[in-house]
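Student: Sequence and computational prediction follow.
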Amino acid sequence: MPDNLESFIQQHREEFEGPGPSPRVWDALEKELGERRKGKVVQLLGRTWFKAAVIAVLLANAGVLYYMAKTRHQQQDLAVVVPELQDAKVYYTSRINEKLELINTYPASELGLDSAALQELQLRNDTYKTLEKELNNNPGNQRIRGAMIRYYQMKLDLLDKILEALHEKHAAPSQQKKQYEAEI
Amino acid sequence: MKASVNNLNQTQLAGNVIDRCKKGDVRAFRELYDAYSAAMYNICLRMTGNVSDAEDTLQEAFIQVHRNIGKLERDTSISAWIKRIVVNHCLNTLRKKKVYFEEVEEVEVAEETAIDENSFTMTVAAVKTAIHGLPHGYRTVLNLYLFEEYSHREIAEMMGITESTAKTQYMRAKEKVRQIVKQQNLIH
């Protein structure tokens, strides 16, 4: 059974309530939420970056194929102008495989790419196979040789960018965890 | 605006406010804040005892509300959920200030019946002042039980003390309030 003090407080409950907080609480809160939203946008960009990069490569690959198809009728057995393709192949293949191995150490869930996109990242994808076939058929065609070199360079550039983004992304979770723990 | 959280419930909000908050709509979150901030601020003020700590604690609590509202289940009372977050943040604020809830001031329980409640007049202002003057441990237990309507068991869990300690501190807190109010009566 409530005593006098308890009864008194129950009877006057509303009188114990005062005004709300000053506007500066919402102002600070809004600022904080704004910063969190910015962080989310950056994260979102980070997640979609891989897909955007792979799409860029797919488009570039399509461009290379289109270029080759357009020039196929001009096949000429030109003198070798492009540097030794075999040397370039050894150099780029080695570097591309190194980077692919590094990327493969990350779980697929962190990459956020589906199997088709992952296949496209590999060195011997469809574009490569087509270029290789064309080269075998036209070993002296400078345009096809040039397209192959360009393919290597773009692939290497893309893998570099993916690794860079993965390094940044990998560093982020521990910072976020520290921030969360501090807030708790 | 005066608002007790005990009088608030989810139906006072527009039906889709919670859903919009879950989608990250800041205007909806502002509506939620407007509906609950006054009542929650009063909890913070009662528990921390000063405006600066109360505002900081309220801000931190609403950041957590924003962060976790996506996990709120449809059948959970929004007011009880927010209140629990706010109370936990208040307790954390007090812990950061090295308040030990186990401390029990030497007030004889036997004195509880010694003060005749008819021998002095209670006013809201006098009771408020008396509660504000209580040691942190007593004030916290008394606020959580009398104003926030938690049970002794819930209070014990939140504060990390035993249920019997919660009950004892509550009884002693009430006695202390009576003493202070009576003293105020004598002065005026």
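Tutor: Thanks, I have the structure now. Predicted model only: the values in this text are computed from it and were never measured. Numbers count the residues shown, from 1 in each chain, chains lettered A, B, ... in the order given.

Student: burial count for the residue of chain B found nearest chain A?
Tutor: Minimum separation of chain B from chain A (CB to the nearest CB) falls at B:A38, amounting to 3.3 Å. Using the backbone N, CA and C atoms, a C-beta is placed for each residue, glycine as well. When counting by other CB atoms under 10 Å in any protein chain shown, one arrives at 20 neighbours for B:A38.

Student: For it, which non-adjacent residue is closest in space?
Tutor: Nearest residue to B:A38, sequence neighbours excluded (CB to CB, 6 or more residues apart in numbering or on different chains): A:G20, at 3.3 Å.

Student: Residues of chain B that sit close to chain A?
Tutor: Neighbours of chain A within chain B, by CB under 8 Å from any CB of the partner chain: B:1-4, B:6, B:24, B:26, B:29-30, B:33, B:37-39, B:41-42, B:45, B:54-55, B:58-60, B:62-64, B:66-67, B:117, B:122, B:124, B:127-128, B:146-147, B:174, B:177-178.

Student: Mind checking which of those residues are in helices?
Tutor: Under the assignment DSSP state H, those contribute B:26, B:29-30, B:33, B:37-39, B:41-42, B:45, B:54-55, B:58-60, B:62-64, B:66-67, B:124, B:127-128, B:174, B:177-178 to helices.

Student: Return the set of buried residues in the host helix or strand of B:N88.
Tutor: Using DSSP states H and E, B:N88 sits within helix B:78-96. Neighbour-count burial for helix B:78-96, counted by 16 or more other CB atoms under 10 Å in any protein chain shown, picks out B:78-79, B:81-87, B:89-91, B:93-94.

Student: ok, back up a step: quick one: the residue of chain B closest to chain A from B:D75, how far?
Tutor: Distance of B:A38 to B:D75, given as CB to CB, to the nearest Å: 25 Å.

Student: And B:V124, by the same measure?
Tutor: 36 Å.

Student: Show me which of the two is the more surrounded one.
Tutor: Between B:V124 and B:D75, B:V124 has the larger neighbour count (other CB under 10 Å), namely 15 against 6.

Student: So what's the residue count around the nearest residue in space to that one that is not next to it in sequence?
Tutor: The shortest distance from B:V124 to any non-neighbouring residue, by CB to CB, 6+ apart, is to A:E15 (4.6 Å). A:E15: 14 surrounding residues under other CB under 10 Å.
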